[in-house]
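A.B. asks: Generate coordinates for the sequence data below:
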Amino acid sequence: MPTLGYLTTERPELRLRFLDPATARIHSSTRVTEVAAVPLAQATAQAHAFPTPNALALVTLEAEVNAQTTAALEQLLRYLKQRRASGLVLHSAGSEPHVPPSVRQQAVHLQLPLLTTTAGAEWAEVNGHLQQRRAQFAERQVAQLDGLLSSLPSQLANPGAGGRIVTWLADALDVDVVVHTAERGTLSAAPDETANLAHAVLRGTPDADNVEHSQRVQIYGMDDEAVLCVASCRAFDDVASRLIRHAAKLLGLCEQARRDHHAAVIAPRSVRQAATQLFLSGNIVVGQVVANTILPALMDTPDTRVRVIDTGIQDREPTLQWCERHLRGALVSPCPGKAKQIIVITPTKRDGSIGAALRQMIGGRPGHLMGESTPQPLAASGAGYQEAAQAVRHAARSPERISVGAEPKFAPLLPRAAAQAWARALLAPVLASEHQELLYTLPTGLSFKPTEAARGLGIHRNTLRQRLARAGSLLGLDLNLLNDRVLALLALDILALPAPPGEFPAVPAPDFTSLMNLEAEAARGWAEQRLRPLKADQRLLLRTVCVWLECNLSVREAAQALGLSEATVRHHTNDASIMLGMDATTTTISVHDTDVVTIADVCFAAYLLTGTPALRQPPRTAEQRPTVRY
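C.D. replies: Residues are numbered from 1 along each chain as shown. Okay, here's the model as predicted:
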């Protein structure tokens with residue numbers, strides 16, 4: 001589209017220049033659709049004599065500029081501004097015209113450029129040239145639309161597609177555009193929503209009186225009487241009308257594609273994510289009901305395998321889409337707590353083909369890692385997830401970037417009857433039916449960082465904080481301390497274990513110290529194996545980790561207790577985290593800054609071998625000590 005800058009630089013025969021050179025930088029890009037010669041004596045009396053929007057008015061000054069001429073020029077400037085003209089050119093034969101200061105000030109105030117010219121007959125062919133340039137511009141715009149149409153199949157469902165079409169149409173035709181529906185109001189507008197002539201047409205406001213031409217086209221494909229409204233102060237030619245109809249049809253296709261995409265992708269993904277969270281939290285029956293419509297095989301499978309795929313934040317969506325397309329026999333869900341992970345739950349009878357497909361996919365994507373659990377009963381899907389989540393942290397050290405299984409857990413080593421009695425006694429205040437919401441919150445809320453835990457539970461961080469505070473008050477535990485957190489997590493792990501055949505004998509609930517002394521040989525052997533990488537290190541990493549755990553994961557307090565620098569302690573704990581497969585963040589200062597789920601077993605192993613941290617069960621007051629039957 002020709003501009004003022006184009007006319008002043010590319011058409012030297014017009015001898016056109018800005019009256020104030022400083023305004024050239026501001027107004028050079030102003031579009032010009034035509035040049036209209038306006039007789040100054042008739043300009044204010046005949047509205048039809050004035051140019052259309054984006055036209056350049058040309059006024060010839062026949063005589064010396066007097067007070068009457070000055071007033072006429074000031075009035076003309078106001079009217080040109082109202083008509084959205086590109087500017088005013090003052091023509092004087094032979095010499096540059098004298099422009100009074102008041103006219104200059106009026107032009108600056110209205111932000112309307114003033115230009116001068118001494119050319120005469122040269123202006124006769126300008127409009128023909130401008131029309132030719134506009135035609136070339138229109139052809140380019142049509143070509144752009146053809147290109148857009150050819151690429152639409154992969155872009156129609158994009159939520160921003162409608163807005164881009166509206167913006168493109170407004171720029172291509174230099175018009176005001178609005179998409180409006182009866183129920184949802186304005187969906188998109190261009191160039192902006194506040195000073196939009198199409199809005200004025202739709203609402204019937206006084207500004208609509210300035211609109212000489214408008215078109216309304218119904219958008220088929222939307223359910224609430226959507227309309228595309230285009231407004232302009234000049235008539236629409238055939239090319240413009242066709243573009244408007246194409247745009248309306250395209251907007252309808254975008255809406256239909258958006259609904260189809262939601263029905264085909266977004267809604268099933270929400271169902272899969274909900275079912276996954278139910279399985280991992282132990283709500284097996286409800287999870288099976290939710291998943292039945294998308295994966296009936298989970299209704300009768302005895303065992304499952306859980307996999308965690310780490311893709312990196314940027315690659316999760318394309319990998320997730322690949323899994324949704326190719327793993328029809330598995331339950332695939334984005335991990336709500338980890339923005340770079342995908343959870344895959346597979347019935348064991350379908351695990352062979354799905355495992356092979358996943359291994360091939362991981363091999364072809366160099367930045368991806370995968371952790372696999374061992375086969376687990378469906379009721380123990382939560383334990384399978386923890387095993388896979390721990391395994392994926394070791395996957396980077398595997399040539400295939402895949403790790404199977406994880407370090408053995410501590411809870412299964414304890415005598416089942418005594419451990420169950422202790423766990424139920426510890427968690428008794430939240431096991432009552434009226435506190436099921438708190439019990440549901442505890443495993444995730446105590447294991448992960450607040451942001452990740454709240455996202456995984458689908459609640460606000462403040463809601464999570466309030467629930468944990470309430471649970472801590474009922475249990476008589478300070479859940480801001482690592483000691484109390486790992487005790488609660490151990491009790492939850494014990495209660496999450498699948499029940500073996502038969503019934504447990506009724507036994508009294510032991511205290512924590514007594515429980516740790518049961519099966520001491522097996523537990524100590526497990527602890528030796530768990531901490532073997534640290535004991536073999538020459539830097540006394542085990543001592544550093546034990547003190548760090550004792551100091552509630554505070555690097556600063558651990559450094560003071562050890563007489564080392566914070567940098568050294570942070571370096572040691574980072575190395576230990578990698579060796580032990582812990583997801584530990586040591587750059588911050590409290591138990592809230594890391595994933596405790598991977599630290600709890602290390603904490604118990606250190607206690608069994610060294611006595612540090614000195615884990616202890618806080619006494620419960622009479623008010624907090626409910627009557628529990630076993």
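A.B. asks: Would you mark the buried spots in stretch 227-245?
C.D. replies: Neighbour-count burial for stretch 227-245, counted by 16 or more other CB atoms under 10 Å, picks out 227-234, 236, 239-240, 243-244. Heads up, the C-betas are built off the backbone N, CA and C, glycines and all.
A.B. asks: nearest to L320, of those residues?
C.D. replies: Each of the buried residues of stretch 227-245 was scored against L320 by CB to CB, and L228 proved nearest at 34.6 Å.
A.B. asks: if I pick A469, what's in contact with it?
C.D. replies: With contact set as CB atoms under 8 Å, 6 or more residues apart in numbering, A469 has these partners: L479.
A.B. asks: got the CA coordinates for the strand or helix carrying V230 in PDB?
C.D. replies: Secondary structure here is read from DSSP states H and E; on that basis V230 sits in strand 227-232. Extracted C-alpha coordinates of strand 227-232, given in PDB (Å, rounded to 0.1, in the frame of the first residue of the first chain):
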ATOM      1  CA  VAL A 227     -21.600 -12.400  12.700                       C
ATOM      2  CA  LEU A 228     -18.600 -10.800  11.000                       C
ATOM      3  CA  CYS A 229     -19.100  -7.100  10.800                       C
ATOM      4  CA  VAL A 230     -16.700  -5.000   8.600                       C
ATOM      5  CA  ALA A 231     -17.000  -1.200   8.500                       C
ATOM      6  CA  SER A 232     -15.300   1.400   6.300                       C
END
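A.B. asks: what does it contact?
C.D. replies: Strand 227-232 is contacted from outside by 53, 169, 173-181, 196-198, 200-202, 211-219, 236, 244, 247-248, 251, using CB under 8 Å, 6+ apart.
A.B. asks: what about 6 Å?
C.D. replies: Residues from elsewhere that reach strand 227-232, judged by CB atoms under 6 Å, 6 or more residues apart in numbering: 175-180, 197-198, 201-202, 211, 213-219, 244, 248.
A.B. asks: how far does the helix or strand just after that strand sit from the chain's center?
C.D. replies: Moving toward the C-terminus from strand 227-232, the next helix or strand (DSSP H and E) is helix 238-261. Remark: helix 238-261 is offset 27 Å from the chain centroid, using CA atoms, centre = their mean, to the nearest Å.
A.B. asks: Name the next helix or strand downstream of helix 238-261, please.
C.D. replies: Tracing the chain C-terminally past helix 238-261 and defining elements by DSSP H and E, one meets helix 267-280 next.
A.B. asks: Pull up the pairing partners for the strand holding V230, direction included.
C.D. replies: Next to strand 227-232 in the sheet, as set by DSSP bridges, lie strand 176-181 (antiparallel), strand 213-218 (antiparallel).
A.B. asks: could you give the mean pLDDT of it?
C.D. replies: Per-region confidence: strand 227-232 scores 84 on mean pLDDT.
A.B. asks: now the angle from that strand to helix 238-261?
C.D. replies: Here strand 227-232 runs at 150 degrees with respect to helix 238-261, directions being taken by axes from the mean of the first three to the mean of the last three CA atoms, to 10 degrees.
A.B. asks: Helix, strand or coil: sort out V103 for me.
C.D. replies: Under the three-state scheme (DSSP: H, G, I helix; E, B strand; the rest coil), V103 adopts helix.
A.B. asks: Revised request: answer the last question for A339.
C.D. replies: Under the three-state scheme (three-state DSSP), A339 adopts coil.
A.B. asks: mind listing what it touches?
C.D. replies: When the contact criterion is CB under 6 Å, 6+ apart, the partners of A339 are I313.
A.B. asks: In stretch 455-470, which residues are buried?
C.D. replies: Buried residues in stretch 455-470, counting neighbours by 16+ other CB under 10 Å, are found at R455, G456, L457, I459, L464, R467, L468.
A.B. asks: Restrict stretch 165-175 to CA atoms and write it as PDB.
C.D. replies: Extracted in PDB, the C-alpha atoms of stretch 165-175 (Å, rounded to 0.1, in the frame of the first residue of the first chain):
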ATOM      1  CA  ILE A 165      -7.800 -14.000  10.800                       C
ATOM      2  CA  VAL A 166      -9.600 -10.900  12.000                       C
ATOM      3  CA  THR A 167      -6.400  -8.900  12.300                       C
ATOM      4  CA  TRP A 168      -5.300 -10.100   8.900                       C
ATOM      5  CA  LEU A 169      -8.600  -9.000   7.300                       C
ATOM      6  CA  ALA A 170      -8.400  -5.500   9.000                       C
ATOM      7  CA  ASP A 171      -4.800  -5.000   7.700                       C
ATOM      8  CA  ALA A 172      -5.500  -6.400   4.200                       C
ATOM      9  CA  LEU A 173      -8.600  -4.200   3.500                       C
ATOM     10  CA  ASP A 174      -7.700  -1.300   5.900                       C
ATOM     11  CA  VAL A 175     -11.100  -1.600   7.600                       C
END
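A.B. asks: Would you mind checking the average pLDDT for that stretch?
C.D. replies: Model confidence over stretch 165-175 averages 77 on the pLDDT scale.
A.B. asks: quick one: the helices in the stretch 101-250 of the chain?
C.D. replies: Ranges of helices in the stretch 101-250 of the chain, per DSSP state H, counting those that start in this stretch, are 101-110, 126-150, 161-173, 197-203, 238-261.
A.B. asks: Same list, these, but as CSV with distance to L298 please.
C.D. replies: Output for the helices of the stretch 101-250 of the chain, formatted as CSV (distance: least, CB to CB, whole Å):
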stretch, distance to L298
helix 101-110, 71
helix 126-150, 42
helix 161-173, 36
helix 197-203, 51
helix 238-261, 26
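A.B. asks: if you average pLDDT over each of the ones you listed, which comes out lowest?
C.D. replies: Among these, helix 197-203 carries the lowest mean pLDDT, a mean of 69.
A.B. asks: before we move on, back to that, what's the angle between the strand holding V230 and helix 161-173?
C.D. replies: Here strand 227-232 runs at 20 degrees with respect to helix 161-173, directions being taken by the same axes, to 10 degrees.
A.B. asks: re earlier: out of the buried residues of stretch 455-470, which one has the lowest pLDDT?
C.D. replies: Within the buried residues of stretch 455-470, pLDDT reaches its minimum at G456, with 73.
A.B. asks: returning to that earlier point: which one of the buried residues of stretch 227-245 is nearest W123?
C.D. replies: Nearest to W123 out of the buried residues of stretch 227-245 is R234 (CB to CB; 20.5 Å).
A.B. asks: correct me, but N552 touches L482?
C.D. replies: Yes. With contact defined as CB atoms under 6 Å, N552 counts as touching L482 (5.0 Å).
A.B. asks: quick one: which of those two has more around it?
C.D. replies: L482 (24 against 17; other CB atoms under 10 Å).
A.B. asks: Can you read off the pLDDT for that one?
C.D. replies: Per-residue confidence for L482 comes out at a pLDDT of 89.
A.B. asks: ok, now L56?
C.D. replies: Per-residue confidence (pLDDT) for L56: 90.
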